[in-house]
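S.K.: Curious how this folds, go ahead:
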Amino acid sequence: MPTLATPTVVIVPCGGKKADTTSPVPAGELYTGSYHRAARRAADALTSGGGRVLILSALHGLVTLDQPLLPYELRAGQPGTVTGATLRDQAQALGITDADVTVLGGRAYVELARQVWPELDAPLAGTRGIGEQMSRLAAIYTPAQAPAAPMPAPVDDAAALQRLAARRAEQAAREAAHRAVYVTADTIRIDAHGRATVAFTFPAGTGKAKAEARARAARRFAAAYGVTTHTDALTLTAHGTPARVARFTSALPRLLAQVENYSMLTVKHYSRWERHSTNRNLVESLTAAERRAHLRDFRARSFDAIVDTLLRPADEPAPQLREDAPMWEQAEAVAATYAEYGWFDVTAKHHADEVAALLAAAIVETTPAAPVLATVIPIGARRNARPAARPTTARPAFDQLALFAA
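M.R.: The predicted structure follows:
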């Protein structure tokens, strides 16, 4: 007697970016973000020989592509996320409890689905951030669906090339000016021993507390780049080999700008929570001063927690959101959620061309300290020789940086 084949199901996560609509639209058209679209393309490739694609909505659970939905604001792991019990009921109703399931999503969505399918396949497991996940998704759908784009025709117009170069230079200058709000660096100096030093300043224009937080983050990022530091108020001096110091100098402004971007997202998350109807009573019980204090504290703690997450080992668990606690007590969990979603390798934020330019512009000292020459005594005369008198000249100054050359 023939047996029915085990159904194949590929589940993709919902997305934060949704269609701008006030009327229900099919779930397959609701989510418009690039991550969701990439997951859908990969799911279509995996089911091209048969199978079905479902969306795992943090609010609604398992939904078909044609199920009408309205926009909402919720991600898996946040308070209000659909429960495992609901997913099991939905899977039974869809007849896929015993299906071969693949989940193309991050850890929160995979862990949620594992409550129904403990042996599911998770091709994105082990990735750290959206960039690496997008690469894996592309590796799934590119061979099947995405032919290589034709190479653009070479541009022979010298004027067009000049305009392109000018636009790129203008954009780079704007980005550099934006990053200078967070940190500036002086010229790298390389001493006669081949050790490099550079000083950073953290402007306090956006507030002294924020500048101090950036300085703290810089010290931690410096360790990841293999350079040593010491601080004085809102400055930081880094020491190390010229190559490491140049890479760190190139990377630090970009690292701080990225942390600031994630911090802004956590603050927006907090603001959305304040406006949520189920939280109004709790928020309205606070005075205006208390609300401002909670927000400042939330922002400060989330900034440090973002740095923690970017530097945390992959196998170390992240803080989790709790439904029984107000949002101002959960800065670390919110920050970890956003930083893990957009995780990147902090040691790969430098730009090779900029590193080369920084080294080319470095100030190189060419005069080393005068060496102390030892007196050579013939071997046969050593036994009877009287100890030589100590020289009366002053010793050369001790070079603290020489310790790093050991």
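
S.K.: Can you tell me which helices and strands the longest helix along the chain packs against?
M.R.: Ranked by number of residues, the top helix in the chain under DSSP state H is helix 242-275. When contacts are defined as 3 or more Cβ pairs under 8 Å, 6 or more residues apart in numbering; DSSP states H and E, helix 242-275 packs onto helix 158-179, strand 184-185, strand 196-201, helix 208-224, strand 235-240, helix 288-311, helix 331-341, helix 352-360. Every C-beta, even on glycine, is put in place using the N, C-alpha and C of the backbone.

S.K.: could you give the angle of it to helix 288-311?
M.R.: 140 degrees (axes from the mean of the first three to the mean of the last three Cα atoms, to 10 degrees).

S.K.: Distance-wise, check the closest residue in space to residue 257 that isn't next to it in sequence relative to residue 261.
M.R.: Residue nearest to residue 257 in three dimensions, not counting chain neighbours: residue 179, with 5.0 Å by Cβ to Cβ, 6 or more residues apart in numbering. For residue 179, the distance to residue 261 equals 11 Å [Cβ to Cβ, to the nearest Å].

S.K.: do the same with residue 319
M.R.: Taken as Cβ to Cβ, the span from residue 319 to residue 261 is 20 Å.

S.K.: out of these two, which sits in the busier spot?
M.R.: residue 319 (16 against 12; other Cβ atoms under 10 Å).

S.K.: How about the contacts made by the nearest residue to that one once chain neighbours are set aside?
M.R.: What sits nearest to residue 319 in space, not counting adjacent residues and going by Cβ to Cβ, 6+ apart, is residue 333, at 4.1 Å. Applying Cβ atoms under 8 Å, 6 or more residues apart in numbering to residue 333 gives the contacts 318, 319, 320, 321, 322.

S.K.: Could you pick out the buried ones from the residues you listed?
M.R.: 318, 319, 321 (16 or more other Cβ atoms under 10 Å).

S.K.: quick one, what contacts the residue nearest to residue 257?
M.R.: 253, 254, 256, 257.

S.K.: how close does the third one get to residue 171?
M.R.: Same thing as residue 256. 19 Å.

S.K.: With neighbour numbers in mind, choose between those two.
M.R.: Taking other Cβ under 10 Å, residue 256 and residue 171 do not tie; residue 256 has more neighbours (25 against 10).

S.K.: thought the more buried one was touching residue 184?
M.R.: No - Residue 256 lies out of contact with residue 184 (Cβ atoms under 8 Å); the separation is 11.1 Å.

S.K.: quick one, phi/psi of residue 107?
M.R.: phi -60, psi -40 (degrees, to the nearest 10).

S.K.: Pull the number of nearby residues for the spatially closest residue to it that is not a sequence neighbour.
M.R.: Spatial nearest neighbour of residue 107, excluding adjacent residues (Cβ to Cβ, 6+ apart): residue 340 at 7.3 Å. Residues lying near residue 340 (other Cβ under 10 Å) number 21.

S.K.: now the one 4 residues further on
M.R.: Neighbourhood size, residue 344 [other Cβ under 10 Å]: 16.

S.K.: List the residues that contact the closest residue to it other than its chain neighbours.
M.R.: Of all residues not flanking residue 344 in the chain, residue 129 sits nearest, at 5.3 Å (Cβ to Cβ, 6+ apart). Listed by Cβ under 8 Å, 6+ apart, the contact set of residue 129 reads 340, 341, 342, 343, 344.

S.K.: try 10 Å
M.R.: Residues near residue 129 by Cβ atoms under 10 Å, 6 or more residues apart in numbering: 106, 310, 339, 340, 341, 342, 343, 344, 345.

S.K.: Check residue 249 too.
M.R.: Contacts of residue 249 by Cβ under 10 Å, 6+ apart are 183, 185-188, 196, 198, 200, 225, 227, 238, 350, 354-355, 358-359, 362.

S.K.: Buried among those residues? Need that as a selection in ChimeraX.
M.R.: Those of the contacts of residue 249 that count as buried under 16+ other Cβ under 10 Å are selected in ChimeraX with:
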select :183,185,188,196,198,200,225,227,238,350,354,355,358,359,362
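
S.K.: Looking at the helices and strands packed on helix 242-275, which is nearest to residue 71?
M.R.: Comparing these against residue 71 with Cβ to Cβ, the closest turns out to be helix 331-341 (19.3 Å).
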